[in-house]
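In: Any chance you can model this:
(4 chains)
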2 protein chains.
Amino acid sequence: MLNQDLQRDHTTVLAETFGLLADPTRLSIVIACMDQERSVGEIAAHLGSSASLISHHLRLLRSARILKSERRGKQVFYAMADACVHKVLKIMIEHLFVHGHEDTNET
Amino acid sequence: MLNQDLQRDHTTVLAETFGLLADPTRLSIVIACMDQERSVGEIAAHLGSSASLISHHLRLLRSARILKSERRGKQVFYAMADACVHKVLKIMIEHLFVHGHEDTNET
DNA sequence: ACAACATTTGAACGACTGTTCATATATCAT
DNA sequence: ATGATATATGAACAGTCGTTCAAATGTTGT
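Out: Next up, the predicted model:
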C-alpha cells in the first residue's frame, strides 16, 4: 500500500486526529491521561484551568475516541482509549528529550 | 522520565508540530514527500491545488524542519527532514487501514 | 425535600488560520 | 537583453477555534 493511495477521507480523518493534539491545553490533557486515569477536577487543578474549559476539551477528545470516560460517583474519570495515539505520543515525547538521534527505525 | 514532568514549552512545541499535520492539504503534502522527494509543481498537480497555496504550506513545513528543500535548476524539491514525524505518520497510516473501517459506539 | 460538590453545556467574543489573488523573485533558454 | 517557466511572498477575506462566563445537569450526602 503506497502512501499516494490514501483517500481524501483518510487524510482528513488523520488531520482531524492531529488537530485534536494541536492545542497545548488539549495535548496536556491527553498526556496527563497517558499513564493513569484522571478525573476532570484533577486535570483542571493540574493544568491550572477551569473545569469548564477542560470539559469542553474532554468532549472533543472523547467523541474522537482518543479518551474514554467512566463516571464513578460525582466524578468522571478519563483515560486513554486509542493505543495508536498513545504510541505516537510516547515516540514524540521521547524524541523531544534525545533530540538529535535521527535514524529511521521500524517497530 | 514521567510525562507529568513535561515542561510547558515542550508541550507547546509538540502541539505546534501536530498543528502542522492538522491541515488536510499540508498533511497530504507531507505524505506525498514521505517516500520520495517532490517538486512544488509535482505536489501542486498531485493535489490539484495552486502552486501558491502549496508554497505557503511548504514554507511552514520547512521552517519547522519537517521538510527540507533543495533547488535544482528552476525547480525546488522537498523531502522529509524529520525521522520522528516520518515514523509517526507511518504508524498512523498503517493503523488507519487496520482499524480504519470500524464503527464502534462506546461512551 | 435541600444544599454542596462535580461536571457539562450554550452563547459570545477575540484571535488565529487556510485560501485566493496579485505581484515579486529566481533560473534557464533564446 | 527578453520571454518563459518555477517558486515565493504579501495582503486581505471568510471561516474556524479556544476561552470565558453564566447557567444547567447529575450525584451524594443530610
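In: Grab the nearest non-local neighbour of A:Phe77.
Out: Nearest non-adjacent residue to A:Phe77, counting by Cβ to Cβ, 6 or more residues apart in numbering or on different chains: A:Glu37, 4.4 Å away. (Glycine included, C-beta is placed from N, CA and C.)
In: same thing with A:Ala51?
Out: In this structure, A:Ala51 finds its nearest non-sequential neighbour in A:Ala44, 4.6 Å apart by Cβ to Cβ, 6+ apart.
In: Could you tell me which ranges of chain A sit under the pLDDT cut-off?
Out: Of all residues in chain A, those with pLDDT under 70 make up the ranges A:1-8, A:99-107.
In: and the closest residue to DNA strand C within chain A, helix, strand or coil?
Out: Nearest residue of chain A to DNA strand C, counting by Cβ to the nearest atom of the strand: A:Gly41, 2.9 Å away. Following DSSP: H, G, I helix; E, B strand; the rest coil, A:Gly41 is assigned to helix.
In: I'd say it and A:Ser49 touch.
Out: No - contact criterion Cβ atoms under 8 Å: A:Gly41 and A:Ser49 do not qualify, at 11.1 Å.
In: For the residue nearest the centre of chain A, which residues are in contact?
Out: Against the mean C-alpha coordinate of chain A, by Cα atoms, centre = their mean, the closest residue is A:Val30 at 3.9 Å. For A:Val30, the contact set (Cβ atoms under 8 Å, 6 or more residues apart in numbering or on different chains) comprises A:21, A:61, A:66-67, A:80, A:85, A:89.
In: Check which helices and strands the longest helix seen in chain A is in contact with.
Out: The longest helix of chain A (DSSP state H) is helix A:83-98. Applying 3 or more Cβ pairs under 8 Å, 6 or more residues apart in numbering or on different chains; DSSP states H and E, one finds that helix A:83-98 makes contact with helix A:24-32, helix B:8-20, helix B:83-99.
In: Tell me which of those helices sits most buried.
Out: Comparing the helices and strands packed on helix A:83-98 by mean neighbour count (mean count of other Cβ atoms under 10 Å in any protein chain shown), helix A:24-32 ranks first with a mean of 21.
In: quick one: that one to helix A:8-20, angle?
Out: Here the directions of helix A:24-32 and helix A:8-20 differ by 90 degrees (axes from the mean of the first three to the mean of the last three Cα atoms, to 10 degrees).
In: quick one: helix A:24-32 near DNA strand C?
Out: No - using Cβ under 7 Å from any atom of the strand, helix A:24-32 stays clear of DNA strand C, coming no nearer than 10.8 Å.
In: roughly how far out does that helix sit from the chain middle?
Out: Offset of helix A:24-32 from its chain centre (Cα atoms, centre = their mean, to the nearest Å): 7 Å.
In: how big is the angle separating that helix from helix A:83-98?
Out: Helix A:24-32 runs at 100 degrees relative to helix A:83-98, counting by the same axes, to 10 degrees.
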